[in-house]
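Enquirer: Sharing a model prediction with you, sequence too.
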Amino acid sequence: MSLVIARSAKKEPLEPISPTDSDLEKKAPISVTQILSSTEKSDLGDVSDKRRFWFQRSKGDNSKIIATQPSVFDDPELAEEYRPRPDWENIHRFDPSARWSWGEENKVVRKIDLRITLLACVMLMALELDKSNIQQANADNFLTDLHLTRDGHGKMARRRQMGSFPDDIMVNRRSVPVLALWQDILSVYKGSSGVAIRGMILYLSYYYKHHELSIRLGFWYTASSFADILAGFFAFGILHLQGVGGRAGWRWLFLIEGLLTLTLGLLAFILMPPSPTQTANWARGKKGWFTEREEIIMVNRIIREDPSKGTMHNRQPLSLKLIWQSFKDYDLWPLYIIGLLFLIPSATISQYFTLLLKDFGFSTFNTILLSIPCNAMGAVTRIALVYGAEAFESLAYMGILAQLWMLPMLLYMNAVNFSQTNKWVAWTVLTLILSFPSPHALHAGWNSRNSNNVGTRTIAAALYNISAQASQIIGSNIYHDSDAPRYVIGNRTLLILACTNIVLYALTKLYYVMQNRRRDMKWQAMTDDQRVDYVATTQDQGNRRLDFRFAH
């Protein structure tokens, strides 16, 4: 979150802060008291020395410079108001007086990347294998064998996506690996695809700061692209089992990939720790993955940036009241609307990609191999987008850029008789659309930042993912048999939606800018003592607080 500190422990006059000097979560340009930098013998790190990426180079050796950033916990009066709840799972490592260097913090972050994020990526890759096998099966006469039309394919996709909705609300009642295992078992039993893990966004927020989370989610979502690449190669081999045991190749594909996913899900269930301070068990070692010093750094660097992460423990059930309160949070509605619409152009093409390639005359195995390049290119563009968002400190503009990527290809598909286009030209156009830099990871991190409350963040992540799943359902209804083979109405709809999304991103940014400006005016009109009194007595919660600023 972006939290405005009402008063610092060390005081010195300070000029109003310029918005351009803040991080991506735009701190309010207000007059506060200055926190002395490490160069002025303070025991806190210099805000200007805060790194956005652990691999960033700095002038000289900065590994011994204090990395502990200023926080509300530096003021004794404010610290008690923001103190984590007593049953928080990491409370025994909470220490406002803890200090550490950049060398120590960077080492801890690298260790989290290898231990936690890498494992999360493996889990998503396992589940994505099941999601992508429908596309591969379509190249193997899946619809013909089941006597389905393309309209029937759309209905099947809708039912599959709607089946994932209950999982979104369960994320805080069941651990991420348990949800993954349940999905894997259903996948093997039904011979259909699993769904992605909804709770991972919340889970990773336990380990990373806000600007770090967006980048890690970028890698996490990119793991699905690598899974799609592997799925293409697996399908190329497995579909050659056509006729073995009297079964179609796509049936073998569902069975083998489902068993592989189940195996990886079992490993994740054993290896994935419930929290940063609960890594010790028989499989991860009696001493766990992190030392006591590393746990102190992990816990305090996160809670100092966002005290709201200590307001709820990781197994606290979600009440209907909390769900309703989270749903009423209209400040997050723009992100849900974006989640509902941004993916439709690419999702529609993706669901029909292999079918369209077959229409253009490509063989089954050539179709499978030709579905690989777009996934490889998409992985690169997705990572580039999240890095660009952090480097240029803009989320909405990167979302606009993603939609602009698809516009030329969508214009071409509407300007010509696409069904009569040379098959290699058609493949190039479709591949470029599917290679667009998906802002899915940005949206997930954006939603998390603007929640400012663990309970709200849990429900908000679920509601955003429901919106994204609903976009897949809408995408499955764009192309119809009555519109084939040119899909004039369908392609025109995709073009209109891409243009609509551009306007939607711009309006969302404007909304958050105006909300921040309104709060700035109220905050600036208050004295330091009034701000401290507000923090101590306010009934405002989460992103309703006057000392919170929205990311945009």
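Expert: The structure has been received and is ready for your questions. Numbering: from 1, shown residues only.

Enquirer: tell me what the longest helix along the chain is packed against?
Expert: With secondary structure taken from DSSP state H, the chain has its longest helix at helix 488-524. Packing partners of helix 488-524 (3 or more Cβ pairs under 8 Å, 6 or more residues apart in numbering; DSSP states H and E): helix 333-341, helix 344-359, helix 396-415, strand 548-549. C-beta: built from backbone N, CA, C; applies to glycine.

Enquirer: and the angle for that helix with helix 396-415?
Expert: Angle, helix 488-524 to helix 396-415, by axes from the mean of the first three to the mean of the last three Cα atoms, to 10 degrees: 160 degrees.

Enquirer: Which positions in helix 488-524 come out as buried?
Expert: Going by neighbour count (16 or more other Cβ atoms under 10 Å), the buried part of helix 488-524 is 490-491, 493-495, 497-498, 501-502, 504-505, 508-509, 511-512, 515-516, 519-520, 523.

Enquirer: do stretch 90-98 as well
Expert: Applying 16+ other Cβ under 10 Å to stretch 90-98 flags 90, 91, 93, 94, 96, 98 as buried.

Enquirer: Could you tell me how many residues sit around the nearest residue to the third one once chain neighbours are set aside?
Expert: So the one you mean is residue 93. Leaving aside its chain neighbours, residue 93 sits nearest to residue 299 (4.2 Å; criterion: Cβ to Cβ, 6 or more residues apart in numbering). Residue 299: 27 surrounding residues under other Cβ atoms under 10 Å.

Enquirer: just residue 267 next, same as before
Expert: Residues near residue 267, counting by other Cβ under 10 Å: 15.

Enquirer: In the stretch 1-150 of the chain, where is pLDDT below threshold?
Expert: Scanning the stretch 1-150 of the chain for pLDDT under 70 picks out the ranges 1-63, 132-150.

Enquirer: Could you rerun that using 50?
Expert: 1, 8-41, 48, 54 (pLDDT under 50).

Enquirer: Report how many residues lie close to residue 392.
Expert: Neighbours of residue 392 under the rule other Cβ under 10 Å: 11.

Enquirer: pLDDT score assigned to it?
Expert: pLDDT recorded at residue 392 is 81.

Enquirer: what's near enough to touch it?
Expert: residue 398 (Cβ atoms under 8 Å, 6 or more residues apart in numbering).

Enquirer: how close does it get to residue 413?
Expert: 30 Å (Cβ to Cβ, to the nearest Å).

Enquirer: now the angle from the helix or strand encompassing residue 323 to helix 333-341?
Expert: Element membership for residue 323 (DSSP states H and E) is helix 320-327. Angular relation of helix 320-327 and helix 333-341 on a 0 to 180 degree scale: 80 degrees, by the same axes, to 10 degrees.

Enquirer: was I right about residue 360 contacting residue 425?
Expert: No: at 9.6 Å, residue 360 does not count as touching residue 425 under the criterion of Cβ atoms under 8 Å.

Enquirer: When these two are compared, which one has more neighbours?
Expert: residue 360 (19 against 13).

Enquirer: mind listing what that one touches?
Expert: Counted by Cβ under 8 Å, 6+ apart, residue 360 has contacts 423, 426, 427.

Enquirer: before we move on, what about residue 471?
Expert: Contacts of residue 471 by Cβ under 8 Å, 6+ apart are 339, 340, 341, 342, 343, 344, 347.

Enquirer: now swap in residue 505 and tell me
Expert: Contacts of residue 505 (Cβ under 8 Å, 6+ apart): 338, 396, 397, 399, 400, 403.

Enquirer: again, but for residue 425
Expert: Neighbours of residue 425 in contact, by Cβ under 8 Å, 6+ apart: none.

Enquirer: before we move on, what about residue 252?
Expert: 238, 239, 241, 244.

Enquirer: Tell me, how many residues neighbour residue 113?
Expert: 17.

Enquirer: Would you agree it is in contact with residue 216?
Expert: Yes: between residue 113 and residue 216 there is a contact under Cβ under 8 Å: 7.4 Å.
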